[in-house]
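1. Only the shape, not the letters, is given here:
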């Protein structure tokens, strides 16, 4: 079974600075997808960024980028120019390619952006 | 992406009663998922609901406690039966986009059981 580990329960960053959230996963599969979701206090789950395992290039979405290290099974999220609205829980998630399309979530990292 | 609504958005219930949560999607989807998020915790998959077949439950979740209906490709319900305070959680439904899009989530239902 796949597992996802987020080792940082809480992090904080000053507005406009950069922060990196860590995620590692365990799988025997070769083809899969990885995701970062954001859950603000409104509790709405919002997809931040996704990465296909077969792509070597790291995904980027505006201020959000990932460092995907397939051999190390590592998938960190970098947030640049942090904004107050980035304050939220961030969940790393894994999904096998094909099959049931189930998501396996990490325990989450609570990020606080300070003014 | 899909637009998903859930009803109710929140409820406070007495132990021993049941609550049915509705999930409506603005487009036809094959798979719908129901998750539970206990206070301060991550999301745990309860079951996968496919139209026209029985839901598939994850380990630790049973149909008698969490019956699910999926009458068509845009709608599903989750019932939390014979509730206890331990059932106090946020319940979320989700649907898949294309495979590499992951899942899109509804706004959640916050349930408090007294």
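-> That came through fine. What you see is a predicted model; the values in this text were computed from it and never measured.
2. Enumerate every residue touching the residue in chain A positioned nearest to chain B.
-> Proximity of chain A to chain B (Cβ to the nearest Cβ) peaks at residue A:45, 3.7 Å away. No exception for glycine: its C-beta is placed from N, CA and C like everyone else's. Taking Cβ atoms under 8 Å, 6 or more residues apart in numbering or on different chains, we find residue A:45 in contact with A:37-39, A:91, B:43, B:92, B:94, B:105, B:108.
3. If we use 6 Å, what do you get?
-> Each residue near residue A:45 by Cβ atoms under 6 Å, 6 or more residues apart in numbering or on different chains is listed here: A:37, A:39, B:105.
4. In terms of pLDDT, where does it sit?
-> Looking at residue A:45, its pLDDT is 93.
5. now residue B:96
-> So, for residue B:96, pLDDT stands at 84.
6. which ones are touching it?
-> Counting by Cβ under 6 Å, 6+ apart, residue B:96 has contacts A:101, B:31, B:103.
7. Out of those, name the ones that lie in helices.
-> Counting by DSSP state H, no part of the contacts of residue B:96 is found in helices.
8. Name the member of the residues you listed with the most neighbours.
-> Neighbour counts for the contacts of residue B:96 (other Cβ atoms under 10 Å in any protein chain shown) peak at residue B:103, which has 25 neighbours.
9. excluding its backbone neighbours, what's nearest that one?
-> In space, and not counting its chain neighbours, residue B:103 is closest to residue B:94: 4.2 Å by Cβ to Cβ, 6 or more residues apart in numbering or on different chains.
10. ok, that neighbour - contacts?
-> Counted by Cβ under 6 Å, 6+ apart, residue B:94 has contacts B:33, B:103, B:105.
11. quick one: least confident of those?
-> Lowest pLDDT among the contacts of residue B:94: residue B:103, 88.
12. residues near the residue of chain B found nearest chain A, how many?
-> Chain A sits closest to residue B:105 of chain B, with a gap of 3.7 Å, by Cβ to the nearest Cβ. Residues within reach of residue B:105, counting by other Cβ under 10 Å, total 24.
13. Same check on residue B:49?
-> 23.
14. which ones are touching residue 27?
-> Let's take chain A. Residue A:27 neighbours (Cβ under 6 Å, 6+ apart): residue A:2.
15. ah, I was thinking of chain B
-> residue B:2.
16. Surely residue A:38 is within a helix?
-> No - counting by DSSP: H, G, I helix; E, B strand; the rest coil, one finds residue A:38 to be strand, located in no helix.
17. Tell me what it is bridged to.
-> residue A:46, residue A:90 (DSSP bridges).
18. That one reaches residue A:46, doesn't it?
-> Yes - counting by Cβ atoms under 6 Å, residue A:38 touches residue A:46, with 4.6 Å between them.
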